[in-house]
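Q: What follows is a predicted protein model with its sequence.
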Amino acid sequence: MTGTDRPTAHQKKTPFWVVFLWGLLIGVLGWYSFGKTVAHGYIIDDVGIVESNPNAAATASLPALFRKHYWQDTFSTERGHRNFHYRPLAIASYALTARSLGNGPAPQHLVNVALHIVVSWLVLWVVYVWLQEVFVAGLTGAIFVTHPLHTEVSAMLVGRAELLAALGALGALGLAVAALKLPPERPAWQHWLLAGGAALCLFAGWLAKESAVLFFPLWLLIGWACVTSTGWQRLRAFVGRGWRTGIACGASTAFFWYLHQRIQSSAQIIPIDFVMNPLAYAGLWERWLTGLVLLAKYLVMHFWPFPLQVDYSFDSIPVVTTWRDTRLWSAVAVLAVAGSLLAVSYRRRSPAWVGLAFLVGGAALFSHFIRPFGFVFAERVMYLPSVGYALAAAVGFRAIWNSTTSRPWARWLAAGAIALLIGQSTWQTRQESVFYRDSLTAVARSLAVGNQRSVWLWQAYGTELLNAGRLDEAVAALERAHAILPLAETCATLAKAHLALGNSSAALEAAQEAVTRDPTWMPYCELLGVILFETEQLDAAATQFEAALTLAPEDARLHAQLAVIRQRQGQTSQAIRHYELALRFQPDEPRWWAALGRLHLAAGNTEQAWFCYRQALEGRPDPALRNEVERQLKDLDAHRQTFSNPSPKPPQH
């Protein structure tokens, strides 16, 4: 079984029901592994990308999504984008799911599980089309669908982009492999039909996520394995079979990047955050040496996926700064073993070399050798490269199975070992998926089993504890994050926790540090202003809100808050001006109209007060405010009637 020759007569006669049973088994294993996630909520990035994103809502305009970038209109766009992404198909899938299956996380999680199973079916199909070995194809799909490393992609809704990219890339790969297998004497239109179909599938994958680029190395590896010639003749034979697919897929890729560049030209890009990836600020050699450690870690986690985490930011995997680092030499040893296995399988013309080469190459792509990404290490990016691991493992099991033909007891032992390993993988994946039921559980689990030096994990843990009302624990977690690396965001969250506990002095100190560390971020100035106001430091509070307004001059909320401060200071005219500015930017807020009406009334401007109260009623105020406004309007109407209809003078005698 080399994958280089056409299938034998025995292989051609594989009954359809055998393939169907493998597909059914893959579906059952996939549902058992991830079915529980349907009851989960929005987790970490799901909140911004799915739950609160208007582009992911059922009411979103689908054509408009193809003119927007991935982060557009989300909470992450306020300061620009550390990584620009054009993934309209992923965002459109959220909107279509909400429109067809309903709102809430359950339908979205259901779609994620279904997509993971479909991707696993495509793995089965691609390997079967290539090798015509149903056992290897089915086993590859079963290993893939149950691998614990896929938990993050399947259990988090933001993994939708990875799922759709894999769907497009593997769909394109299946058609491309079918084109390679198609006899040359077939009509040209059949070759072009397969090539065109592959190009369309790949384009859809590109529209979901850039990891669809992994189609090309896997297609080249399989194509190289499909030809039996040597030297230049082998290259010529491959080009003769695959040039149509190469042209079509190259054209679809070029068109995607044309669209990508057009959308990117209107986006504001900011440098990669040091916390998320210190390698972006490391020297070239430090980045490459650390890349070797990351590459080895990616490979090892396929064979030993323990422990799994939701984050690997600073300082989970420290940068390698010297050749004496023991992690570097451990990585070299791992890569030497992987290289030896690859060389042996290639020499024996085993399809395992294709899987190993794709696994190593795919992992190397995300190890920052070419350029730094917005993360240090991420389990989700191994979704497509793990196809290579699944293929190599399945081929290895097939070799063990074939070696036991003369010993029935050994064959039964091998079958039991395979079933046991897949069963254990399925059980572990099911257990891991449970920890993704909410953000607090996912982060707490990562801290419990992962690196305690991750500043982001401690910060996220403190934020989730704060949201859950566990204030003392939140302060402890945030102080732990602050001790690792004092970030402005950590200081601001710590200030909120102290404020909720009633520790005004500690909250003020933390908020001042946040502003000192990042005076260009408006929410930090606003937070400091709020704390100063609550501690009756009105002049200092006004100064902070003025600073916040220089950063966001059209923020209606800031103008309204500054109006309250000016009113407390007795500066009625300034308070009126800021309420008017707030209502210019947000004219449908009844509370501000009512407050402006009170100020005008206190200043003796009854006509302006009457107008403001009428506007407040049109803004649909709550019952208490409505009663107050109606009472004031009744008094003003009576006052106006008194002056418009004066009482007649008494008769003179």
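A: Looks like it arrived, so ask away. Numbers count the residues shown, from 1 in each chain.
Q: After the strand or helix carrying residue 221, which helix or strand is next? Please name it.
A: Element membership of residue 221 [criterion: DSSP states H and E] is helix 215-226. Using DSSP H and E, the helix or strand that follows helix 215-226 in sequence is helix 231-264.
Q: helices or strands up against that next one?
A: helix 160-181, helix 188-208, helix 215-226 (3 or more CB pairs under 8 Å, 6 or more residues apart in numbering; DSSP states H and E). Every residue, glycine included, has its C-beta placed from N, CA and C.
Q: that older thread, dump the helix holding residue 221 to CSV, restricted to CA.
A: Only the C-alpha atoms of helix 215-226 are listed here, as CSV (Å, rounded to 0.1, in the frame of the first residue of the first chain):
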residue,chain,number,x,y,z
PHE,A,215,-4.3,22.7,1.1
PHE,A,216,-1.2,23.4,-1.1
PRO,A,217,1.4,21.4,0.9
LEU,A,218,-0.8,18.4,1.4
TRP,A,219,-1.9,18.4,-2.3
LEU,A,220,1.8,18.6,-3.3
LEU,A,221,2.8,15.8,-1.0
ILE,A,222,-0.1,13.5,-2.1
GLY,A,223,0.6,14.4,-5.7
TRP,A,224,4.3,13.5,-5.3
ALA,A,225,3.3,10.2,-3.7
CYS,A,226,0.9,9.4,-6.5
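Q: so what does that helix touch, helix or strand wise?
A: Using 3+ CB pairs under 8 Å, 6+ apart: helix 215-226 touches helix 160-181, helix 231-264, helix 352-365.
Q: Now for residue 416, how many residues are close by?
A: 10 (other CB atoms under 10 Å).
Q: In this structure residue 169 contacts residue 203, no?
A: No. Applying CB atoms under 8 Å, one finds residue 169 not in contact with residue 203, separated by 10.7 Å.
Q: Comparing the two, which residue is more hemmed in?
A: Set residue 169 next to residue 203 and count neighbours by other CB under 10 Å: residue 169 wins out with 31 against 21.
Q: quick one: that one and residue 356, what's the gap?
A: 19 Å (CB to CB, to the nearest Å).
Q: hmm, back to that, the helix holding residue 221: which residues count as buried?
A: Across helix 215-226, burial judged by 16 or more other CB atoms under 10 Å covers 215-226.
Q: Likewise for stretch 449-464?
A: Applying 16+ other CB under 10 Å to stretch 449-464 flags 450-451, 454-464 as buried.
Q: gap between the residue nearest the centre of the chain and residue 405?
A: Among the residues of the chain, the one closest to the centroid is residue 158, at 4.0 Å (CA atoms, centre = their mean). In this structure, residue 158 and residue 405 are 47 Å apart, going by CB to CB.
Q: How about residue 263?
A: Distance from residue 263 to residue 405, by CB to CB: 57 Å.
Q: tell me the mean pLDDT over the helix or strand hosting residue 137?
A: Per DSSP H and E, residue 137 falls inside helix 134-146. Per-residue pLDDT over helix 134-146 has a mean of 97.
Q: which helices and strands does it pack with?
A: Helix 134-146 sits against helix 16-34, helix 105-131, helix 386-402, helix 408-434, with contacts defined as 3+ CB pairs under 8 Å, 6+ apart.
Q: Which pLDDT value goes with residue 604?
A: pLDDT, read off for residue 604, is 88.
Q: SS state for it?
A: coil (DSSP: H, G, I helix; E, B strand; the rest coil).
Q: What is the neighbour count of it?
A: Around residue 604 there are 8 residues (other CB under 10 Å).
Q: Residue 53 now?
A: Neighbour number of residue 53 under other CB under 10 Å is 22.
Q: Quick check: closest non-adjacent residue to it.
A: residue 74 (5.1 Å; CB to CB, 6 or more residues apart in numbering).
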